[in-house]
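Turn this into a structure:
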Amino acid sequence: MQSRLLPFKLGSFVWLAMGVAGIASSAAADEPPSLSLHSAIYDPVRQRMVVFGGNDGASGGNQVWVLTLGNDPKWRLLLTSGAPPAKRFGHTAIYDPVGDRMIVFGGFRDPFGGLADLWSLSLADSTWNPVQPTGPVPPARYYHSAIYDSHQNRMIVFGGTDGIKDFSDVWSLSLTSTMWDSLNPTGTVAGREQHSAVYDPLGDRMLVFDGSITYDNIMQLSLGDSLSWTELHPSGQAPTPRSGHSAIYDPEGDQMIVFGGKGSQYPDDVWQLSLGNTLAWSHYTLLPFLRLRCGESPYGGFRRHPGRRYGIRYRSDLGSRSEIADALGSREAVHRGVPDGAAIARNHGR
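Got it, this is the predicted structure:
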């Protein structure tokens, strides 16, 4: 596994490798180890990403790392108080804006199996607290999904596995009363694991995509007065079947963005599902990574940048000079913002 941070600019559809500094905390490393099956949330109050747990190749972890975002991004190992959750991977985490906290549910604890516990991390003072909910508790699980329903201030959990079977159940956790409730929507949905789920606040629905190489579908769970499952059939070429991918909701574009995963191969593609009046898939074709050399200008010349190791070498077969500059935001951004590599994404049909 590689530990790299690659921002994807939604406005210009370009990958950038971010140069990130690290801040050592006591004897700890100054950046996270290579991780998989971890969780990450965005903390908008402090403009940072919060990463918890994950598999480092040997076992699960329970460290919390924060990446400050802005002009000078930095990794920092968060020194928390209170007894932390058990080490785990394959769990979920959501951001609770009302409680200013991160809520963690379930996951896999090696070698014991699935978990069904709930934890809260205060984002104000970095304190862990176990959450003791009322009502029936969901069966232990991992590789499930969870979203935050802002209309009703609740967490919705769907699917996952206990290692024997894949779940198709839906659970709601009220973040006001801390009460679990088993939901019974109409319609049918196949049990699945390692799928993606996003919350569409404009449509008041959860969108679930794939989760197994045999599904290749996108399901909608309406979350209004009448809970129901519906299979959607967007126009356009659909992504290949996959699991273990990631997906986000883009509020500015009112779209779902899907990246990567595993299927018959390990795709590194990016897909957009527009969520307006017409549902439609679009595929972003990433041009090859530009190999970077010290001091080279993207416009064919040689330009020195004190303190910068890399520039971008322009290649005429990858697009015009203005295309590269527009995609990256500005010509100066080409030189300032890319320490390791960049690829420009072209959108089919846009």
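
Helix, strand, or coil at Leu207?
strand (DSSP: H, G, I helix; E, B strand; the rest coil).

OK, contacts around it?
197-200, 218-221, 232, 256, 273, 275 (CB atoms under 8 Å, 6 or more residues apart in numbering). Using the backbone N, CA and C atoms, a C-beta is placed for each residue, glycine as well.

Repeat the analysis, applying 7 Å as the threshold.
197-198, 200, 218, 220, 256 (CB atoms under 7 Å, 6 or more residues apart in numbering).

Relative to Pro241, how far out is it?
Leu207 is 16 Å from Pro241, where distance means CB to CB, to the nearest Å.

if we can go back for a sec, which of the contacts of Leu207 fall in strands?
197-198, 200, 218, 220, 256 (DSSP state E).

Now do the buried residues in stretch 84-94.
85, 87-94 (16 or more other CB atoms under 10 Å).

what's the closest of those to Trp65?
If you rank the buried residues of stretch 84-94 by distance to Trp65 using CB to CB, Ala93 comes first, at 12.5 Å.

in which helix or strand would I find that closest one?
Here Ala93, judged by DSSP states H and E, is contained in strand 92-96.

Okay, now the sheet partners of that strand, with direction.
strand 101-109 (antiparallel) (DSSP bridges).

Which residues are in contact with the closest residue to Leu183 other than its chain neighbours?
What sits nearest to Leu183 in space, not counting adjacent residues and going by CB to CB, 6 or more residues apart in numbering, is Val170, at 4.3 Å. Taking CB under 7 Å, 6+ apart as the criterion, Val170 is in contact with 156, 158, 183, 185, 221.

Tyr95 too?
41-43, 102, 148.

Would you show me how to pick out the buried ones of those in PyMOL?
In PyMOL, this line selects whichever of the contacts of Tyr95 come out buried by 16+ other CB under 10 Å:
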select buried, resi 41+43+102+148
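
Which of the contacts of Tyr95 fall within strands?
Those of these lying in strands (DSSP E): 41-43, 102, 148.

In CSV, list these along with pLDDT and distance to Ile164.
Putting the ones in strands among the contacts of Tyr95 into CSV (pLDDT from 0 to 100; distance: CB to CB, whole Å) gives the following:
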residue, pLDDT, distance to Ile164
Ile41, 97, 29
Tyr42, 96, 34
Asp43, 98, 36
Met102, 98, 29
Tyr148, 98, 29
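
could I get these as CSV with distance to Gly163?
What follows is those, written out as CSV (distance: CB to CB, whole Å):
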residue, distance to Gly163
Ile41, 26
Tyr42, 31
Asp43, 32
Met102, 26
Tyr148, 27
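
Need the max-distance pair from those.
Asp43 and Tyr148 (13.0 Å).
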